[in-house]
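Peer 1: build me a model from this:
(2 chains)
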Number of protein chains: 2
Amino acid sequence: MELHELIQSLKTDEGGKIVMVVSDGIGGLPLQPGGLTELEAASTPNLDALAARGVCGMSLPILPGITPGSGPGHLGLFGYDPLVFQIGRGVLEAAGIAFPVGPNDVCMRCNFCTIDADGNITDRRAGRIPTEESVEVVKTLKAIEISGVEVFVEPVKEHRFVVVFRGEGLGGSVADTDPQKCGVKPLDPIATDPDSEKTARIAKEFFEKALVILKNQPKANCLTMRGFAKKPSLPSYKELYGLNAAAIAVYPMYKGLASLVGMDLVGQPANLQEEVEVLKNNWDKYDFFFLHWKYTDSRGEDGDFEAKKAMVEELDKVMPDIEALLGKDDVLVVTGDHSTPAKMASHSFHPVPTVIVAENARIDSCQKFGETEANNFGGLGHFQAQHLMSLAMAHANRLGKYGA
Amino acid sequence: MELHELIQSLKTDEGGKIVMVVSDGIGGLPLQPGGLTELEAASTPNLDALAARGVCGMSLPILPGITPGSGPGHLGLFGYDPLVFQIGRGVLEAAGIAFPVGPNDVCMRCNFCTIDADGNITDRRAGRIPTEESVEVVKTLKAIEISGVEVFVEPVKEHRFVVVFRGEGLGGSVADTDPQKCGVKPLDPIATDPDSEKTARIAKEFFEKALVILKNQPKANCLTMRGFAKKPSLPSYKELYGLNAAAIAVYPMYKGLASLVGMDLVGQPANLQEEVEVLKNNWDKYDFFFLHWKYTDSRGEDGDFEAKKAMVEELDKVMPDIEALLGKDDVLVVTGDHSTPAKMASHSFHPVPTVIVAENARIDSCQKFGETEANNFGGLGHFQAQHLMSLAMAHANRLGKYGA
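Peer 2: You can find the predicted model right below:
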């Protein structure tokens, strides 16, 4: 029996609420042998108290040694085997602006860029054109019509926008047109499987029509197309777990991921305090809350140990407000989608410290929330992230017994 | 997506070198409750220093409770699921003498034995006939011709030799002819599936022709055939990991295993010091080195706790020479293919202490290299051996990110 079949057969209609706080890239490394990680070096009295009264463990996002991107990292946390369910970047980006991606859609991330008189790229991001300007340029592209398909063009942020082709027979396997450097022309969209040749032809036609429209733009006079993708077939949180789920996030990418598994995107929070406010305001309406904290990853990617530490401390400060919402059967999970050690300035493969607080947690010997304690004493041991939802459901008394 | 497909899609062309030292059967057991294992009882200042500055864990060769032979034990370490990729003993033996096993070959290990006038076996190993005599007897068998197939007969050591039949339609499923006891005749080769009936007939014909040739031999006047096998389809180290890999081993079996996954067999070392010399001399030519140390297993199999301990100490002494080769991005792994506790005088199912030393290892609390510390504090936790190569590749910065 597959994991999803098992969970669906065991899920119950009642039980506690689950709050999953995902501190992006929270796992780290010491800068020097014998030192502390960012999380361990941070002052985290509230997270430490959770570790002391909960059960900790180390989450393996994919498999040992495998570094995930944000998509597979979050799919794992949501309980979808990231090696089975694969989400392309274009679909993520489209879902992130709440575009309702359908089964006949091919989505792509586009960037405005600047080209010179010869058609060679001089700026791959069109001078990071401000969002308010970009929105106006995107509007001009909505005029493009292509026979046989519907075309959607939607702004995202700065130089980024989304294009969606909707129609029959559109495969999602087309190579990026961004040459990843200046001084050359954008690449042609090339199908990488026979089913995607129609998509490649349409993309080419879109590009040529866009060039005509954009030719007098001072900066955004061209575009590149990346991450062509179709939506994968994912069971929803409601189907899989029986949970009414809400996602609370600032960044489009994480909203997009959550909406792909059927979570409602609630609120328009701009920072962590507002995310917690949205959580409070929606507390009675949902069974499950995904609350995403971005900046532990961002500062890790910057290679800034101290700044990442500070972002951990920001998270720590809001934990009491989240805890205050929890009733007797409710479950709080704090984890990450992967590690982002400042030392490496990138996502990494290292396991992610995780804590579950619940009435029926078997409290372990961890007294602090950190990599070393979770590894040495964690009652959850090392586990694949795709099993975290089963653990959360079990702790919330939401899973029945398997077999008689 | 399967593990191999994943690794192939993520492998990069650059990164550090990887040295995997396999101390055969290194895991052990205390002789008395409360005692130390062979590894823990040994004086290992160098291995302990590696544990202190690396990350440890417990490798499960196959699955919990499953004791591997040398073949599956090494395949797991090399990253090939030993339950999917199965290598017959005959193929191992043939590869171990650098016989180029092809896709139409059926290989078997043969033993010279002694039979009496009635044809009953009196010595299953022909008095362990010396290699130089055996080589001469093997030569006489090269005269055997069988219609429709090519026949190869090659010496190995003492009473052991290899026979290979090459031709179309030869299955590899034939039962051993060694009755495993004296006083009876060798068994007939019997096909255990319909595709192997031709092989069984040819084996019978080979046996009968050999008997005629051998009838005047004083000791080696008969033979038994064991481990009939065809070569499995294994992706090479180069295909799978993008690694130019070298194998450094004394014993044919381990050379054979390494060559089946496409490693080059380098040098002709006769002992551990020579193995390290070969490593030094080939350092610039390869990305990956498998260095095999046999005697921890041999002395474990002997049931000799003290002797196994001494073999661990021999390994410890050469570690500084290996470490001296490592640059900043390079990775050193010390592990075993299985445990061989002297207390059991056999291979066992117990997990194997393992250490990875690398710049980006998340250093754990282990201060010594041994079963208890690796189990209590190992940052790699308990992991299946087939993931060790992913871990080594990740630590050597040789794997890209999975998904966006």
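
Peer 1: from now on I want contacts and neighbour counts done on CA atoms only, so please keep to that.
Peer 2: Noted.

Peer 1: just give me the neighbour total for A:Ile129.
Peer 2: Counted with other C-alpha atoms under 10 Å in any protein chain shown, the neighbours of A:Ile129 add up to 18.

Peer 1: that one contacts A:Arg160, doesn't it?
Peer 2: No: A:Ile129 lies out of contact with A:Arg160 (C-alpha atoms under 8 Å); the separation is 9.2 Å.

Peer 1: which SS state does the residue lying closest to A:Asp195 once chain neighbours are set aside fall under?
Peer 2: The spatially closest residue to A:Asp195, leaving aside those adjacent along the chain, is A:Gly171, at 5.1 Å (C-alpha to C-alpha, 6 or more residues apart in numbering or on different chains). Three-state call for A:Gly171 (DSSP: H, G, I helix; E, B strand; the rest coil): coil.

Peer 1: just checking, A:Gly171 touches A:Pro103?
Peer 2: No: contact criterion C-alpha under 8 Å: A:Gly171 and A:Pro103 do not qualify, at 10.9 Å.

Peer 1: anything in contact with each of these two?
Peer 2: A:Lys230 (C-alpha atoms under 8 Å, 6 or more residues apart in numbering or on different chains).

Peer 1: could you list the buried residues of whichever strand or helix holds A:Val318?
Peer 2: Using DSSP states H and E, A:Val318 sits within helix A:305-323. Within helix A:305-323, the residues scored as buried using 16 or more other C-alpha atoms under 10 Å in any protein chain shown are A:305, A:307-319, A:322-323.

Peer 1: quick one: is it near chain B?
Peer 2: No: judged by C-alpha under 8 Å from any C-alpha of the partner chain, helix A:305-323 and chain B are separated, with a smallest distance of 15.0 Å.

Peer 1: and that helix, what does it pack against?
Peer 2: If you count contacts as 3 or more C-alpha pairs under 8 Å, 6 or more residues apart in numbering or on different chains; DSSP states H and E, helix A:305-323 packs onto helix A:38-41, helix A:45-53, helix A:272-281, helix A:295-301.

Peer 1: contact partners of the first one?
Peer 2: Spelled out, it's helix A:38-41. For helix A:38-41, contacts defined as C-alpha under 8 Å, 6+ apart pick out A:26-30, A:305-306, A:308-309, A:312, A:341-342, A:369-371.

Peer 1: repeat that for the longest one.
Peer 2: When contacts are defined by C-alpha under 8 Å, 6+ apart, helix A:272-281 is touched by residues A:248-250, A:266-267, A:269, A:289, A:291, A:293, A:315, A:318, A:321-322, A:325.

Peer 1: TSV for those, including distance to A:Gly16?
Peer 2: Shown next, in TSV, are these (distance: C-alpha to C-alpha, whole Å):
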residue	distance to A:Gly16
A:Ile248	19
A:Ala249	22
A:Val250	26
A:Val266	20
A:Gly267	22
A:Pro269	25
A:Phe289	12
A:Leu291	17
A:Trp293	23
A:Leu315	23
A:Val318	21
A:Asp321	18
A:Ile322	15
A:Leu325	12
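
Peer 1: can you flag the buried ones in the residues you listed?
Peer 2: Among the contacts of helix A:272-281, the ones that count as buried (16+ other C-alpha under 10 Å) are A:Ile248, A:Ala249, A:Val250, A:Val266, A:Gly267, A:Pro269, A:Phe289, A:Leu291, A:Trp293, A:Leu315, A:Val318, A:Ile322.

Peer 1: quick one: contacts for the closest residue to A:Lys11 other than its chain neighbours?
Peer 2: Excluding the flanking residues, the one nearest A:Lys11 by C-alpha to C-alpha, 6+ apart is A:Leu399, at 4.6 Å. Each residue near A:Leu399 by C-alpha under 8 Å, 6+ apart is listed here: A:Ile7, A:Leu10, A:Lys11, A:Thr12, A:Ser390, A:Met393.

Peer 1: who wins for neighbours among those residues?
Peer 2: For the contacts of A:Leu399, neighbours tallied by other C-alpha under 10 Å; top is A:Met393, 24 neighbours.

Peer 1: leaving out sequence neighbours, find the closest residue to it.
Peer 2: Leaving aside its sequence neighbours, A:Met393 sits nearest to A:Leu399 (C-alpha to C-alpha, 6+ apart; 6.1 Å).

Peer 1: go on, A:Lys157?
Peer 2: Nearest one to A:Lys157, counting by C-alpha to C-alpha, 6+ apart, is A:Thr131 at 5.2 Å.

Peer 1: quick one, grab the pLDDT at that neighbour.
Peer 2: pLDDT recorded at A:Thr131 is 94.

Peer 1: which SSE is the residue in the stretch 151-300 of chain A that chain B sits nearest to in?
Peer 2: Residue of the stretch 151-300 of chain A nearest chain B, by C-alpha to the nearest C-alpha: A:Gly227 (9.0 Å). Using DSSP H and E, A:Gly227 falls within strand A:222-229.
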